[in-house]
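**Q** quick one: sequence and predicted model below, then my questions.
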Amino acid sequence: LDIDHFKRFNDLYGHLTGDQVLRLVAMTMRECVEPRTTIARFGGEEFGIILPGTERDEAREVAERVRTSVMGRELVKRSTGESLGRITISVGLAAFRRGDTAVSLLERADHCMFTAKRAGRNQVIDDSVPPGTMHDVA
């Protein structure tokens, strides 16, 4: 998943507030998943969630729960108490396929995430669409 418009937000309010956004997303993710789930920050404003032994429909429910929970949190600047509004995330979901490597799985999830961003942000796109039919994203 990727925090929508994070760079613009970070530039507008500063890096300390940007770090607060990252912590809010991470905390919200942790609250939405089972203890056996692995959550990792992957890049600047990207996160990954590994859901072992989880079927696609259940994984999509988790992704939607994370997305709506993040969107439902109001961000308040700690130093001033100022409301900064709400943030959204775009989620790419990929399920393990026979023959996948960690790299191929991650590339599919990344492709889905960029598709979600291009399609308007604040949504979950999964790789259940047959290979080759998803729009190319550069």
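**A** Thanks, I have it. Source: prediction; values computed, not measured.

**Q** next up, the contacts around residue 72.
**A** Residue 72 sits next to residue 86 when contact means Cβ atoms under 8 Å, 6 or more residues apart in numbering. (Each C-beta comes from the backbone N, C-alpha and C, glycine too.)

**Q** ugh, wrong one, residue 105
**A** Neighbours of residue 105 in contact, by Cβ under 8 Å, 6+ apart: 94, 96, 97.

**Q** correct me if wrong, but it is in a helix.
**A** Yes. Counting by DSSP: H, G, I helix; E, B strand; the rest coil, residue 105 is found in a helix.

**Q** for it, give its distance to residue 119.
**A** For residue 105, the distance to residue 119 (Cβ to Cβ, to the nearest Å) stands at 21 Å.

**Q** buried subset of the contacts of residue 105, written for PyMOL?
**A** Paste this into PyMOL to select the buried members of the contacts of residue 105, with burial taken from 16 or more other Cβ atoms under 10 Å:
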select buried, resi 94
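
**Q** now do the helices in the protein.
**A** 6-13, 15-32, 56-71, 102-118 (DSSP state H).
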